[in-house]
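>>> how would this look folded up:
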Amino acid sequence: MLDMEEFFVLRDLFNQGLSISEIARKTCHSRVTVRKYIHSQIPPTPEKRSKRPGKLDDYKEYIDQRLQEYPLTAARIYREIQEQGFEGKYTIVKDYVREVRPKVGVPAVYRFETKPGVQAQVDWAECGYIDIDGSHRKLYCFTMVLGYSRMR
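All right, here's what the predicted structure looks like:
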């Protein structure tokens with residue numbers, strides 16, 4: 001579907017004496033499209049498509065209700081509505097669940113700041129085993145992170 005500006009450009013080119021094939025090459029439209037629009041008296045108007053029922057329409061109320069009760073995954077809901085006779089694919093369900101799932105905000109985290117030299121966090125960890133002089137010994141790791149600079 002051409003917009004109004006393109007419609008008038010085609011008409012102007014035709015009125016300048018260009019052939020349909022020349023206009024088609026110049027505007028990158030097919031000859032059929034050019035012919036259709038230069039012979040119409042009024043600019044094209046978009047036509048609305050009729051809304052046909054989707055496969056998921058019968059199950060949307062059930063899905064909404066289940067999401068209000070529990071934070072279920074789309075896969076779980078898909079299995080449940082399949083048991084009720086749903087014949088569509090998982091992607092339709094996943095897209096709909098993503099649209100209607102209640103949005104849960106992430107709580108803000110207050111960052112704990114300290115002055116230089118005031119605090120450090122320390123941790124010990126077991127890092128496996130090492131052979132020293134023929135004996136098998138545990139290897140430990142000590143780590144300390146400074147609170148102000150975050151330096152290890």
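
>>> could you pull out the strands for the protein?
120-132, 135-146 (DSSP state E).

>>> of those strands, give the one that comes closest to Glu47.
strand 135-146 (65.5 Å; C-beta to C-beta). Just so you know, the C-beta spots here come from the backbone N, C-alpha and C atoms, and that holds for glycine as well.

>>> could you export that closest one as CSV, CA atoms only?
Coordinates of each C-alpha in strand 135-146 appear next as CSV, following Å, rounded to 0.1, in the frame of the first residue of the first chain:
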residue,chain,number,x,y,z
SER,A,135,52.3,-35.5,51.2
HIS,A,136,48.8,-34.7,50.1
ARG,A,137,47.6,-31.5,51.9
LYS,A,138,44.5,-29.3,51.8
LEU,A,139,45.0,-25.9,50.2
TYR,A,140,43.2,-23.0,51.8
CYS,A,141,42.7,-19.5,50.5
PHE,A,142,42.4,-16.3,52.5
THR,A,143,40.7,-13.3,50.9
MET,A,144,40.2,-9.8,52.2
VAL,A,145,38.4,-7.0,50.4
LEU,A,146,38.8,-3.4,51.6
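
>>> pLDDT on it, on average?
Across strand 135-146, pLDDT averages out at 92.

>>> please identify the pairing partners of it and their relative orientation?
Looking at strand 135-146 with DSSP bridges, its partner strands are strand 120-132 (antiparallel).

>>> which outside residues touch the strand it pairs with?
Strand 120-132 has contacts (C-beta atoms under 8 Å, 6 or more residues apart in numbering) with His136, Arg137, Lys138, Leu139, Tyr140, Cys141, Phe142, Thr143, Met144, Val145, Leu146, Gly147.
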